[in-house]
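Visitor: below is the sequence, then the predicted model.
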Amino acid sequence: MTQRWNEFGAARAKNSLGPLLDRVARGDEIVITRHGRPVARLVPYRAPVDREKVRRAIAGVRRTRKSSSLGGLKIRDSIEEGRR
């Protein structure tokens, strides 16, 4: 297997963990190999999505949308008025 820029053997990765983590923090993905075969992948951490928080936010937007009104104005008219 040809070594690509993002592949590191296990021994090299162990000795270079700090710099590899710096690269991952900048968005790179690193594949760790053992005897030329991929065994692990270092990827940037992404916090899990709090689905309940998202649901509450959507519900809040919907409530606001129902209680808000343009008083008979059309959005297009407001846009055109803002351009003048």
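Guide: Nice, I can see it.
Visitor: just how off-centre is the lowest-mean-pLDDT helix or strand in the chain within its chain?
Guide: Among the helices and strands of the chain, helix 75-83 carries the lowest confidence by mean pLDDT, DSSP states H and E, at a mean of 82. Distance, stretch centre to chain centre, for helix 75-83: 34 Å (C-alpha atoms, centre = their mean, to the nearest Å).
Visitor: what sits closest to Ser78 if chain neighbours are left out?
Guide: Leu70 (7.0 Å; C-beta to C-beta, 6 or more residues apart in numbering). In short, each C-beta sits where N, CA and C put it, glycine included.
Visitor: what does the one you found show for phi and psi?
Guide: Main-chain torsions, Leu70, degrees, to the nearest 10: phi -90, psi 10.
Visitor: what distance do you get for it to Ala11?
Guide: 66 Å (C-beta to C-beta, to the nearest Å).
Visitor: mind saving the C-alpha coords of the helix ranked longest in the chain as PDB?
Guide: Secondary structure assigned by DSSP state H gives helix 51-67 as the longest helix of the chain. Taking Å, rounded to 0.1, in the frame of the first residue of the first chain, the C-alpha atoms of helix 51-67 are listed here in PDB:
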ATOM      1  CA  ARG A  51     -31.900  16.900  19.400                       C
ATOM      2  CA  GLU A  52     -34.300  18.100  22.100                       C
ATOM      3  CA  LYS A  53     -32.700  21.500  22.100                       C
ATOM      4  CA  VAL A  54     -33.200  21.700  18.300                       C
ATOM      5  CA  ARG A  55     -36.800  20.600  18.700                       C
ATOM      6  CA  ARG A  56     -37.500  23.300  21.200                       C
ATOM      7  CA  ALA A  57     -35.800  26.000  19.000                       C
ATOM      8  CA  ILE A  58     -37.900  24.900  16.000                       C
ATOM      9  CA  ALA A  59     -41.100  25.000  18.100                       C
ATOM     10  CA  GLY A  60     -40.200  28.500  19.300                       C
ATOM     11  CA  VAL A  61     -39.700  29.700  15.700                       C
ATOM     12  CA  ARG A  62     -43.000  28.200  14.700                       C
ATOM     13  CA  ARG A  63     -44.800  29.900  17.700                       C
ATOM     14  CA  THR A  64     -43.200  33.200  16.800                       C
ATOM     15  CA  ARG A  65     -44.200  32.800  13.200                       C
ATOM     16  CA  LYS A  66     -47.800  32.200  14.100                       C
ATOM     17  CA  SER A  67     -48.000  35.200  16.300                       C
END
